[in-house]
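# Provide a 3D model corresponding to the input given below.
(chains A, B, C and D)
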Protein chains: 4
Amino acid sequence: MQQTFRLVIDCPDQVGLVAAVSQFLVQQNATIVEANHHTDLQTGRFFMRHEIRADSINMGLEKVKQAFTPIADKFNMNWKMIDSSKKQKLVLLASHESHCLMDLLHRWHTGELPCEIPCIIANHPQMKQYADWHNIPFHWVDFKDQPKEKAFSEIEKLIEAYQGDLTVLARFMQIVPDHLCKKLAGKAINIHHSFLPSFAGAKPYQQAYERGVKLIGATCHYVTSDLDEGPIIEQEVMRISHSDSAADMVRKGKNCEKTALANGVRYHLEDRVIIHQHKTVVFA
Amino acid sequence: MQQTFRLVIDCPDQVGLVAAVSQFLVQQNATIVEANHHTDLQTGRFFMRHEIRADSINMGLEKVKQAFTPIADKFNMNWKMIDSSKKQKLVLLASHESHCLMDLLHRWHTGELPCEIPCIIANHPQMKQYADWHNIPFHWVDFKDQPKEKAFSEIEKLIEAYQGDLTVLARFMQIVPDHLCKKLAGKAINIHHSFLPSFAGAKPYQQAYERGVKLIGATCHYVTSDLDEGPIIEQEVMRISHSDSAADMVRKGKNCEKTALANGVRYHLEDRVIIHQHKTVVFA
Amino acid sequence: MQQTFRLVIDCPDQVGLVAAVSQFLVQQNATIVEANHHTDLQTGRFFMRHEIRADSINMGLEKVKQAFTPIADKFNMNWKMIDSSKKQKLVLLASHESHCLMDLLHRWHTGELPCEIPCIIANHPQMKQYADWHNIPFHWVDFKDQPKEKAFSEIEKLIEAYQGDLTVLARFMQIVPDHLCKKLAGKAINIHHSFLPSFAGAKPYQQAYERGVKLIGATCHYVTSDLDEGPIIEQEVMRISHSDSAADMVRKGKNCEKTALANGVRYHLEDRVIIHQHKTVVFA
Amino acid sequence: MQQTFRLVIDCPDQVGLVAAVSQFLVQQNATIVEANHHTDLQTGRFFMRHEIRADSINMGLEKVKQAFTPIADKFNMNWKMIDSSKKQKLVLLASHESHCLMDLLHRWHTGELPCEIPCIIANHPQMKQYADWHNIPFHWVDFKDQPKEKAFSEIEKLIEAYQGDLTVLARFMQIVPDHLCKKLAGKAINIHHSFLPSFAGAKPYQQAYERGVKLIGATCHYVTSDLDEGPIIEQEVMRISHSDSAADMVRKGKNCEKTALANGVRYHLEDRVIIHQHKTVVFA
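Coordinates of the predicted model:
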């Protein structure tokens, strides 16, 4: 895959902003592979993402960042410039359902997901087989015979030890404590098995069955202290009918969960998501 | 269109039920055009709909109904037998948004919706033009300068006067009072402009915009006293993105609203919907 | 609706292009409402659309165009700058099916479609009612008792007489002759009732029924001399099953046709479509 | 999972058919879990599937089949009665793309797909890892250094040796010879990576890219001698745009391929598919 630099910016909307950034890119002789803009007219916030061929620029990443800093300061930008060849470390958390875990692992294994997976953590030991198949270290964390805070303390240490850049809750069925949500803000992604805000909380397919909805879904979102209230990255839905039992919905919904999570994670890994208040801009 | 008799049944599930009904149909020499069954395994309730060519039977509808009554009694059936050539009277209620109203009118005008439309009622006088185009009596009901209960009393009388079989709230933006909901139970259909149970109540697109969902929708449901909680007949969704303003969602969502409402109304008119507790069986 | 200027560009991809355009917009003090870029990496062609608040600029449209011309020349641009308040004239062609016609008329009537409709032309006289309702001149063109070339010559003259900017074939079931296709290139939009390239030509729903597909669709495309081969603007699909007859597909597919055509026409009217060879870039 | 007997019938439509079958089921005291009917009004063919609780019947499968035979003969039925607890043997064929293979394997591994997988055959040796992980015998068949007919002869022998009931071409990129198609008629399922009949043959995503369609898809169908012309079981589509390269389509389309194939295979394994001429009835 071609090496690129990704310049991702959000800042107050101002005249001259795009011109300044474009002019800077011309000065570096940058070949732009992809460019996306968005202005939130309600809040007056501007969002921009450029993907640039690394080999079109004469300097390395650090030099370019230095050169760009005065412009960023002038326009009061929240920004980053990322080298696409430096892969993020993705820590996977799972419980007893393996479909999202295996789906992400296979996409990683075949090169679709551009990341490293330094470890898999689960509170069910049978997930070890999937880690073993892929030669990834596995850590079982006991959520039954020790207090949950101790269990989460283990998880926190593992994420630190493996220098996880992104934590993905691949149907991890434990509620992350407040302080860890805050610590991982913008760096932890969850898949919820409903079309949020419908059916937050426990047993969403059972809730959907009881309400009698005609479509079910899944929601990929950032983890925040407010359960199932984090910024939404991606959602999927599918049609069901009265003939589907709650068990049928569980089975069918897995397809939505896998796709929504995989897309959400990929968007994040490719720096396509910008969190804005409690929503996201996704340059998909 | 071919004349059919529709036999729609729900009752406790019992061995011998289908055989008894099928045997009865054989005795009448009935040609079955369409047959649908469903057993709700959780509640043990059975649902069945047969559509039969009227000209394949030697007797008229009333005779067939008489002949069927002993079977219905034996199996404790909740049932009806309907002559497809006897069109239901559909009373349309609207406010200031005309897209659902015109969509239903055009489907009726071109013969897609098998019903009569004896009158259109609205609390905004500009809806009269659509009634006039179709030569349908129009009634403006004042919701500003008289108490709402008086306004709804007018509506109730109009529905009675026109002998409405089904009342359709085609984006009618007034909350129907409890006693009228009860009176019209199973005979009044609403379109709500969100993917329920998400965003019940007022301004659902604004709610959707603020939550940052990635899909919007519409829900066609029976009217009940609990606002936006009635049995769901049909739902539609469509993908949106961060670049859609609340106004864009309003515009885009109209396509979902029209389709969901038109399908829901058609299912009802063709006796394809059976209400079961607070859910529906829809033999679509 | 806010008045905007739309600057739409396609040209060979070159370093400095975006910077030059952005710098120009800064010099005009332009407030950008929406900006979209695309580079076709295969052909090296660049596409850009800016929507700018007209009141943010000190000059009128003609002056801005003059000022921009040197930049356009330098970069060898194919370009236009459009005043959003100057509505295009949309000439509607229909046959005997009215659903697409009425759908577009209603969107225009309620202000959703930003255009004028100077006339409706049909080869079936009963379409006149829809024209009358909207106070639009109607012209019946005889396709039975005169040669088709004469009929099309009448249509051509009507489009000229009404100064049509865009001709929309709203289920107009006659094959447009080669010379008229060429004359209207990029200015005539058709809706085909299949998911192209499947089932081009006559009776696509019957073809779909016979092939046993599980999804049907509709395709909105520019008219070209090669029947059903023009650049695709928008497509819609929906799920069907073995229980749907060809007639059911006709009924259900209308929803796809209406939505695909309305979206395609709106994209065109808002200058969101750029034709590139036999494909389109659509900044939706 | 509850043991059931599945009675699947197709025959000329006749009065008395459903009554006879229902009466038979009553005599066996059968508890019906699911029942589906369909009449093809065009060809006058009738299709029926019943799923019956095995423990509600006093006899074993063979006895029930014997008892049913006179009815089947009387109505000239094409029929089968299947014991759900007897799992079919599914032979998997793959080439170098692993997403469909792994998807099916995982659904099998977690009990979602009710079958046995006696072996995996591939013309690319690296597929062995997936077989090894699941402890399934793997056979590499050489398609480079021997004539294709020899390679297919090996495959044919393997299918026989493993007593395969169903052969699934999970992105197996070799054209099955005529005689083998005929031998496996109704027992071999393929996934084609386009929305058929669009883009049959080689490189469908490249074809889709070149045509400029706005939706891509995948088609699960029975293998026949006419390439990509077999009866369609299931199709999936997804939206794309001008910004998607052919490579993006390949990546995105995999989600469609996996879902369409998995659903198609499950329908087949649960005896929900009846082939009728070159189409299918699917009681999904």
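
# please, which helix or strand holds residue A:26?
When elements are assigned from DSSP states H and E, residue A:26 belongs to helix A:17-27.

# which positions in that helix come out as buried?
A:17, A:18, A:19, A:20, A:21, A:22, A:23, A:24, A:25, A:26 (16 or more other CB atoms under 10 Å in any protein chain shown). All C-beta spots, glycine's among them, are computed from the backbone N, C-alpha and C.

# is any residue of it near chain C?
Yes: using CB under 8 Å from any CB of the partner chain, helix A:17-27 comes into contact with chain C via A:18, A:19, A:21, A:22, A:23, A:25, A:26.

# could you find the closest non-adjacent residue to the last one?
This means residue A:26. What sits nearest to residue A:26 in space, not counting adjacent residues and going by CB to CB, 6 or more residues apart in numbering or on different chains, is residue C:19, at 4.4 Å.

# so what's that neighbour up against?
Contact partners of residue C:19, counting by CB atoms under 8 Å, 6 or more residues apart in numbering or on different chains, are A:19, A:22, A:23, A:25, A:26.

# what is the mean pLDDT for the helix holding residue A:26?
In this model, helix A:17-27 has a mean pLDDT of 94.

# helices along the stretch 51-200 of chain A, start to end?
Along the stretch 51-200 of chain A, counting by DSSP state H, counting those that start in this stretch, helices occupy A:61-74, A:99-109, A:128-133, A:148-161, A:178-183.

# ok, which of those helices comes nearest residue C:121?
helix A:99-109 (52.9 Å; CB to CB).

# what is the closest one packed up against?
Applying 3 or more CB pairs under 8 Å, 6 or more residues apart in numbering or on different chains; DSSP states H and E, one finds that helix A:99-109 contacts strand A:88-94, helix A:128-133, helix A:246-269, helix D:99-109.

# got the residues of the stretch 51-200 of chain A near chain B?
So the stretch 51-200 of chain A meets chain B at A:195, A:196, A:197, A:198, A:199 (CB under 8 Å from any CB).

# at 6 Å what do you get?
With CB under 6 Å from any CB of the partner chain as the criterion, the stretch 51-200 of chain A meets chain B at residues A:197, A:198.

# tell me the pLDDT of the residue nearest to residue A:270 when sequence neighbours are not counted.
With CB to CB, 6+ apart as the criterion, residue A:270 has its nearest non-adjacent residue at 7.1 Å, and that residue is residue A:114. You'll see residue A:114 listed with a pLDDT of 95.

# any figure for the gap between residue A:114 and residue A:222?
19 Å (CB to CB, to the nearest Å).

# then residue A:228?
11 Å.

# also residue A:256?
Per CB to CB, residue A:256 is found 18 Å from residue A:222.

# residue A:83 now?
23 Å.

# who's more crowded, these two?
Taking neighbours as other CB atoms under 10 Å in any protein chain shown, residue A:83 and residue A:222 compare with residue A:222 leading, 23 against 15.

# three-state assignment of the spatially closest residue to the more buried one that is not a sequence neighbour?
Excluding its sequence neighbours, the residue lying closest to residue A:222 (CB to CB, 6+ apart) is residue A:230, at 4.2 Å. At residue A:230 the chain is in coil, as set by DSSP: H, G, I helix; E, B strand; the rest coil.

# contact partners for residue A:230?
Taking CB atoms under 6 Å, 6 or more residues apart in numbering or on different chains, we find residue A:230 in contact with A:221, A:222, A:223, A:224.

# count the neighbours of residue A:153 for me.
15.

# most neighbours per residue, which of the helices of the stretch 51-200 of chain A?
When these are scored by mean count of other CB atoms under 10 Å in any protein chain shown, the highest mean neighbour count falls to helix A:99-109 (a mean of 23).
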